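> here is the input, now give the coordinates:
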Amino acid sequence: MTDRTRPPGSCLWCGRPVPEIGTGRRRRYCRQSCRQRAYEQRNTTREAGLPEDAVVLTAAEVESLADRAYLVRCAAEDVATAVAEGADVAELGRLCTDLVSLARDAERIR
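Next comes the predicted model:
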C-alpha cells in the first residue's frame, strides 16, 4: 500500500489505524513490528530485483485475503436478498453494518 492508496491515518504495513502523535512527523506504522516487516520487505524486493512497489504475500496471506473478500461478497449478497424480499429498515441496517465491518477487515492486506 502506498501513501497515495492507503486511507489517511492507517499503517503502511497492515492497514490498522495509526495513533496520532502531538507534534513532529506523522507516524507511518502502527507498531514497531510493522515497521520492521516493511523494512524487511523493502530489502527482500530490492535484492530480488522486483519493482519498488511490488507486494510479496505468503500463501497464507493470500488465502486470508481471499477469505475476507468472500465474506464481503456473501454479506453484499445478503443485503441484496433482503432488499429484494422487502426486509424492514432495522434488518437492512444490521446487514449493512455487518457489510461495512467485513469490508473494513478486508481492506487489510496482511
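
> could you pull out the buried residues of the helix or strand where residue 73 lies?
Assessed by DSSP states H and E, residue 73 sits inside helix 59-84. Residues 64, 68, 71, 72, 75, 78, 79, 82 are the ones in helix 59-84 that count as buried (16 or more other C-beta atoms under 10 Å). For glycine as for every other residue, the C-beta is placed from the backbone atoms N, C-alpha and C.

> packing partners of it?
Under the contact criterion of 3 or more C-beta pairs under 8 Å, 6 or more residues apart in numbering; DSSP states H and E, helix 59-84 touches helix 89-107.

> thinking again about what came up before, could I get the buried residues of helix 59-84 as JSON lines with pLDDT?
Formatted as JSON lines, these follow (pLDDT from 0 to 100):
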{"residue": "64", "pLDDT": "92"}
{"residue": "68", "pLDDT": "94"}
{"residue": "71", "pLDDT": "96"}
{"residue": "72", "pLDDT": "97"}
{"residue": "75", "pLDDT": "97"}
{"residue": "78", "pLDDT": "97"}
{"residue": "79", "pLDDT": "97"}
{"residue": "82", "pLDDT": "97"}
